[in-house]
Structures are given as structure tokens and as C-alpha cells.
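> Prediction below, plus the sequence it came from.
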Amino acid sequence: MKNVLRVGNASGFYGDRFDAVREMLTGGELDVLTGDYLAELTMLILGRDQLKDPTAGYAKTFLRQMEEGLGLAHERGVRIVANAGGLNPAGLADALRALAAKLGLPARIAHVEGDRLPARDGALAANAYLGGAGIAACLAAGADVVVTGRVTDAALVTGPAQWHFGWGPEQYDELAGAVVAGHVLECGAQATGGNYAFFREHDVRRPGFPVAELHADGSSVITKHPGTGGLVDIGTVTAQLLYETAGARYAGPDVTARLDSVRLTQEGPDRVRVEGVRGEAPPPALKVGLSRLGGFRNEVVFVLTGLDIEAKAALLREQLQDALAKNPPAEVRWELARTDRPDADTEETASALLRLVVRDRDPEKVGRTVTGAAVELALASYPGFHVTAPPGKGAPYGVFETGYVPAGEVPHTAVLPDGSRRELPVPPRTLAPAPVPDPDLPPPLPEGPTRRAPLGRIAGARSGDKGGDANVGVWVRTDEEWRWLAHTLTVERLAELLPETAGLTVTRHLLPNLRAVNFTIAGILGEGVASQARFDPQAKALGEWLRARHVDVPAALLSDVPAALLPDVPEELQ
């Protein structure tokens with residue numbers, strides 16, 4: 001057994017960089033190449049695909065990538081593990097066998113199934129989130145390629161690690177370390193400078209994909225192939241650890257990882273050591289994702305140019321409300337985005353956007369009812385009337401919901417390369433996760449002069465979605481900045497800075513080892529990304545909005561920030 005298992009990632013979502021598989025297989029040493037193709041929205045898309053074609057339901061991009069990737073992996077002795085099976089891992093495994101035969105390659109293909117549960121109440125699909133044990137069993141049976149349905153994103157790493165190091169199901173610290181490494185890897189280039197708050201400090205034009213060097217004790221080093229773009233530093237790893245997580249306990253089917261125990265050290269250029277991770281028994285229930293059609297939606301974006309923007313918006317709203325009153329949709333939402341500037345030197349920068357979104361279970365109420373009303377006003381409304389695109393028919397939208405089911409009720413099955421089936425046992429011990437008490441706050445900074453500045457001039461952030469909820473993780477890079485942030489960015493202060501969170505349940509989690517606070521905001525995304533209830537339906541930019549808000553920052557913390565990045569403040573107000 002090698003002392004180090006090198007696991008790379010070549011996909012963070014269905015639609016990621018197509019050439020990444022080749023880049024990762026040819027760019028450096030690897031033992032296992034993983035790919036994460038599934039997300040909440042993806043499961044809905046695959047469900048709709050399978051309605052049209054029962055043999056569909058998997059990520060076709062992965063199959064195309066394997067036309068070259070199977071040969072490259074065979075030459076280099078790299079195992080491939082991906083959740084591209086989606087709703088039909090057996091179908092993808094069959095397609096891969098056919099591809100291998102066509103290419104003349106002796107590839108041994110296995111898959112993991114059992115995650116798909118009976119869908120009720122008109123749902124397209126219901127899938128339990130499985131752990132890595134099935135993947136480990138397939139690899140132990142000699143599989144060159146393992147494809148799965150819905151497993152946790154981290155399972156793509158915990159499975160190979162269990163296989164390689166021979167960890168038992170109760171080696172919680174080791175498993176937790178692999179979960180943390182898997183969470184860092186799962187979104188691909190987000191760990192190597194993609195979507196990074198401090199992107200201006202680095203060349204991130206084409207970031208490479210990440211690699212985790214895993215050790216038998218569960219520690220790891222996050223890095224990337226030599227010569228690839230982007231960077232790996234404590235900031236990029238911290239950002240990804242905060243992405244779509246919540247409190248100190250990060251529960252999964254293999255183990256509950258304690259994120260408050262993670263220690264990060266910059267070991268060298270593009271090398272961050274992750275160690276000290278503690279684990280606990282996994283919860284007794286598995287998370288279940290339920291995808292269903294929620295109804296139909298339509299939207300029209302009106303362009304308002306020049307003077308009297310608010311009055312033009314009011315006139316249009318009144319006219320359309322009257323027109324829609326004859327056959328009103330169940331939900332009508334308006335949003336005015338003031339993208340206009342006074343005395344603008346281009347027509348586009350003189351214009352604002354008024355967005356109308358309607359929803360209903362009846363497609364007619366969001367189709368001709370809306371488009372007809374909008375078009376009929378073309379010559380009878382505000383001056384300069386036009387829209388960004390011709391109004392169209394209503395389109396179906398999806399809803400993603402979560403639930404839980406006892407782990408013993410879900411058959412976790414490894415279908416081995418020879419076709420035999422192995423049922424994986426449930427964990428021998430479980431523990432329902434409970435909230436972790438808040439750690440002690442660091443001592444506050446001494447009082448001193450402050451300056452009004454954007455929060456993001458010293459703090460990074462990353463945000464994302466979990467169903468209808470969102471999280472915003474905020475971190476800083478020095479102990480002094482942490483002493484200020486921990487006392488300043490409270491739940492109450494967040495509500496002031498992000499007024500859209502008013503009236504919602506917001507929970508703050510402190511992670512001192514990461515110098516980070518992580519907020520969960522319940523219900524801000526309505527029924528989830530597929531319902532497109534919000535301007536930013538996946539909350540991807542929620543953290544950047546927060547970073548752009550101005551706060552009073554101790555002047556000493558801004559001493560290293562270039563003056564050009566700070567707002568002009570009258571001297572008497574400084």
C-alpha cells in the first residue's frame with residue numbers, strides 16, 4: 001500500500017470544463033480521478049430527461065469524456081470514480097462497457113445503486129444520499145471505473161480512501177479527514193482560485209483542478225498539478241470549507257466531521273495541509289432529496305430608460321395588474337433593478353430593468369394571459385417601452401425538498417465488475433448530531449480610530465444554496481481581523497447589511513480555527529434553485545453583496561489596503 005493516495009477532481013458540476021478529464025489525467029501523478037456531476041437542479045433536469053426517455057437519466061457529458069479518458073486512465077493506472085450515474089447508474093455502466101469494447105480496452109466497470117427511493121406525491125425522483133462504502137467495495141473488487149447515483153459529494157473521496165487505507169467504519173477521525181478533503185475537492189476549481197473573493201491578488205484566469213494527497217491518518221495536502229493556473233492557499237481552502245456548510249458538525253452517511261477541529265497550514269506554494277479533523281458516529285438517518293415539478297412560470301423584463309424611472313414602473317405595474325386581474329396567476333412578483341445612471345453617456349447605462357415573474361399550476365395563466373397583456377401595451381404605456389426579449393410561453397419549474405429516512409431502509413448496493421451484487425451494512429453505531437455550543441469569543445480589539453470601508457476589503461466570503469436556504473461564510477486572514485470580525489458581524493448586524501434577510505431565521509456559527517463565521521439563512525431561496533424565486537436563485541453572489549456593504553473598520557486593519565480600493569471619505573468623517 002502506498003503511503004499517500006492522490007485523488008484529483010475533474011468536474012464540479014454537470015457542464016464543467018470538458019477538457020478537465022484530459023488535463024488531470026495527463027498533467028501529473030494521480031491514483032484516482034473523481035468527478036462530481038450532480039446538484040439539486042441537476043437531479044430535476046435528469047428526471048425530466050428520463051420522463052422523455054426511460055434509458056436516460058445520467059450525465060451524457062461524462063460518457064463523451066470517457067471516449068478519451070478511458071484510454072488515458074488505463075495507460076496511467078488511474079481509477080475513475082464519478083457520480084455521473086444520476087438517476088440511472090446501471091444504464092451508464094452499460095454504456096461504459098459498450099464504449100470500452102468499442103475502444104478495445106479491458107476496463108472493468110462497476111456501479112453503486114440503492115439510492116433511488118419510491119417517488120410519491122407526483123415527484124420526479126427521490127434519492128437518498130449514500131456514503132462511500134459502496135465505492136470502496138467496487139474498487140476492492142478490481143473496478144477501474146465506478147459510477148454512482150446520488151452519493152454525498154465527499155463520498156467520491158471517502159470511498160477510495162476507505163478502499164486504499166483499509167479504514168473500518170468506526171475510524172471516525174480518519175473518515176472525517178477524508179470528508180473534509182472531499183468537500184474541498186468537490187467543486188473543482190473553487191478550491192484553486194475560482195470564484196475567489198481575493199481574485200485581484202492572483203492570476204486566476206484559468207485555474208487548474210484540485211488534488212488531495214491523502215494520508216492514512218486522515219490528514220491531507222490540497223494542491224494542484226504543476227504548471228496549472230490559479231492557486232491553492234489557506235484562503236481558497238477556507239472558502240470551499242465554508243461553501244454550503246453550516247455549523248461545526250458536518251453530518252454525512254460515513255461520519256460526522258467536526259469542522260471546528262480543522263487546522264490549515266500553508267506548507268509551500270500551492271500546498272495547504274489539512275489536519276486535526278475529528279469525527280463522530282454518523283447520524284441514524286440519511287438525507288433524501290425530492291425533486292418535483294412545482295408548476296409553471298414566466299417572466300418579462302421591461303426596459304425603462306432615462307427620466308422618471310419610478311413613475312414609469314408604477315404606470316406599467318398598474319396597467320398590467322388591471323390586465324391580469326381577469327385571469328390572475330397565483331403569484332405575481334415585481335422587481336425594479338436600478339441599473340441606470342444620471343446623465344449617462346450610453347443608452348444602456350441610462351436604463352433600468354423592471355422584472356415581472358408569474359407562477360401558477362395552470363400553464364395558461366402564465367402563458368398567453370401574461371404575454372398577451374404585455375405585448376398589447378407596446379404602444380400604450382410608458383415612453384420608450386421595450387423588453388429584453390419577446391415574451392414567450394410559460395415553462396415548468398421545479399422544486400427541491402429534503403427529508404430523512406432511516407439508514408436501514410435504504411439498500412446500499414455495490415454492483416461489482418463481474419455483475420455480482422454486494423449489500424453494504426449500515427454503520428454499526430450512529431449518533432444524532434446536536435448543535436455545538438458557541439466557542440468563546442476572542443478578546444475584542446482595543447478602541448481606536450475607524451474608517452468607513454467595504455467589509456470585503458479585509459474579509460472574504462462564499463455563499464451557496466441548500467434547498468430553500470442559503471449560507472454565507474465570511475473569513476479573515478489575521479488574528480487581529482478575527483478579533484474584530486467575531487464581535488462585529490453578528491446576526492443583528494447581518495440583518496442590517498442584508499435587508500433581504502429581515503424576518504427570516506438566521507443562525508450564526510463560529511469557526512475560530514478558520515477565523516470564520518458561517519451564517520445559515522432559512523427560506524431566502526423559497527422552494528429552491530429550480531423555482532427561481534430570487535434574482536440570484538442559488539445565492540452564489542450573496543456573499544459578494546455582503547462584502548460590498550460599508551462598515552466601520554478599525555483604521556489599523558486597513559493599513560495594508562491600497563488607498564485606491566477604499567472609498568473617498570471626507571476628512572472630518574474619518
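Received the coordinates, thanks. Residues are numbered from 1 along each chain as shown.
> count of neighbours near Thr345?
Check again: residue 345 is Asp, not Thr. 7 (other C-beta atoms under 10 Å). The C-beta positions use only the backbone N, C-alpha and C, and glycine is treated the same way.
> name the element it belongs to?
Using DSSP states H and E, Asp345 falls within no helix or strand.
> Check Ala533 and give its pLDDT.
Predicted confidence (pLDDT) for Ala533: 69.
> How about Glu527?
77.
> repeat for Glu113
Looking at Glu113, its pLDDT reads 97.
> So it is in contact with Gly149, correct?
Yes: the pair Glu113 and Gly149 qualifies as a contact (C-beta atoms under 8 Å) at a distance of 6.0 Å.
> Now the common contact residues for those two.
When C-beta atoms under 8 Å, 6 or more residues apart in numbering defines a contact, the residues bordering Glu113 and Gly149 alike are 85, 89.
> ranges for the strands of the stretch 301-450 of the chain?
331-337, 351-360, 386-387, 395-406, 413-415, 421-423, 450-454 (DSSP state E, counting those that start in this stretch).
> Have a look at Glu113 and Gly149 and say which one is more surrounded.
Between Glu113 and Gly149, counted using other C-beta under 10 Å, Gly149 has the larger neighbour count: 30 against 22.
> quick one: contacts for that one?
Applying C-beta under 8 Å, 6+ apart, we find Gly149 in contact with 83, 85-89, 112-113, 115-116, 127, 130.
> Make JSON lines out of those and add distance to Ile234 and secondary structure.
Converted to JSON lines, those look like this (distance: C-beta to C-beta, whole Å; DSSP: H, G, I helix; E, B strand; the rest coil):
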{"residue": "Asn83", "distance to Ile234": "28", "secondary structure": "coil"}
{"residue": "Gly85", "distance to Ile234": "35", "secondary structure": "coil"}
{"residue": "Gly86", "distance to Ile234": "34", "secondary structure": "coil"}
{"residue": "Leu87", "distance to Ile234": "38", "secondary structure": "coil"}
{"residue": "Asn88", "distance to Ile234": "40", "secondary structure": "coil"}
{"residue": "Pro89", "distance to Ile234": "36", "secondary structure": "helix"}
{"residue": "Val112", "distance to Ile234": "34", "secondary structure": "strand"}
{"residue": "Glu113", "distance to Ile234": "39", "secondary structure": "strand"}
{"residue": "Asp115", "distance to Ile234": "35", "secondary structure": "coil"}
{"residue": "Arg116", "distance to Ile234": "39", "secondary structure": "strand"}
{"residue": "Asn127", "distance to Ile234": "34", "secondary structure": "strand"}
{"residue": "Leu130", "distance to Ile234": "31", "secondary structure": "strand"}
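> from these, which is closest to Phe198?
Set against Phe198, the nearest of the contacts of Gly149 by C-beta to C-beta is Asn83 (30.4 Å).
> Okay, now stretch 77-89: how far is its last residue from its first?
23 Å (C-alpha to C-alpha, to the nearest Å).
> Please give the centre-to-centre distance between it and its chain.
Relative to its parent chain, stretch 77-89 has a centroid offset of 19 Å by C-alpha atoms, centre = their mean, to the nearest Å.
> How about that stretch, which residues are buried there?
Within stretch 77-89, the residues scored as buried using 16 or more other C-beta atoms under 10 Å are 78-89.
> Next: stretch 339-354.
With burial defined by 16+ other C-beta under 10 Å, the residues of stretch 339-354 counted as buried are 340, 350-354.
> Rebuild those as JSON lines, extending it with distance to Glu496.
As requested, the buried residues of stretch 339-354 are exported to JSON lines (distance: C-beta to C-beta, whole Å):
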{"residue": "Asp340", "distance to Glu496": "26"}
{"residue": "Ala350", "distance to Glu496": "31"}
{"residue": "Ser351", "distance to Glu496": "30"}
{"residue": "Ala352", "distance to Glu496": "25"}
{"residue": "Leu353", "distance to Glu496": "26"}
{"residue": "Leu354", "distance to Glu496": "27"}
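> closest to Pro449 among these?
Nearest to Pro449, judged by C-beta to C-beta, of the buried residues of stretch 339-354 is Asp340 at 36.6 Å.
> Could you find the closest non-adjacent residue to the closest one?
Ala352 (4.4 Å; C-beta to C-beta, 6 or more residues apart in numbering).
> Run through the bridge partners of that neighbour.
When bridges are called by DSSP bridges, Ala352 pairs up with Leu304.
> Could you tell me the model confidence score at it?
98.
> how close does Tyr382 get to Gly392?
22 Å (C-beta to C-beta, to the nearest Å).
> do the same with Val151
37 Å.
> Mind putting the strands of the stretch 301-450 of the chain into a markdown table with distance to Tyr243?
Listed next are the strands of the stretch 301-450 of the chain as a markdown table, based on distance: least, C-beta to C-beta, whole Å:
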| stretch | distance to Tyr243 |
| --- | --- |
| strand 331-337 | 26 |
| strand 351-360 | 27 |
| strand 386-387 | 35 |
| strand 395-406 | 18 |
| strand 413-415 | 29 |
| strand 421-423 | 33 |
| strand 450-454 | 21 |
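> Looking at the ones you listed, which one is packed in the most?
Comparing the strands of the stretch 301-450 of the chain by mean neighbour count (mean count of other C-beta atoms under 10 Å), strand 413-415 ranks first with a mean of 23.
> my read: Ala251 touches Pro283, true?
Yes: between Ala251 and Pro283 there is a contact at 5.0 Å, judged by C-beta under 8 Å.
> quick one: common contacting residues for these two?
In contact with both Ala251 and Pro283: Pro433, using C-beta under 8 Å, 6+ apart.
> Now do the SS call for the nearest residue to Val145 once chain neighbours are set aside.
Excluding the flanking residues, the one nearest Val145 by C-beta to C-beta, 6+ apart is Ile80, at 4.6 Å. Classification of Ile80 by DSSP: H, G, I helix; E, B strand; the rest coil places it in strand.
> hang on, the earlier thing: most widely separated two among the contacts of Gly149?
Of all pairs drawn from the contacts of Gly149, the greatest distance, 15.4 Å, lies between Asn88 and Leu130 (C-beta to C-beta).
> before we move on, the earlier item: looking at the contacts of Gly149, spot the one nearest Leu242.
Using C-beta to C-beta, Asn83 comes nearest to Leu242 of these, at 22.3 Å.
> wait, what's in contact with that closest one?
Residues in contact with Asn83, defined by C-beta under 8 Å, 6+ apart, are 35-38, 147-151, 153, 156.
> In strands only, show me these.
Counting by DSSP state E, the part of those found in strands is 35, 147-148.
> Show me what Thr148 is bridged to.
Taking DSSP bridges, one obtains Val112 as the residues bridged to Thr148.
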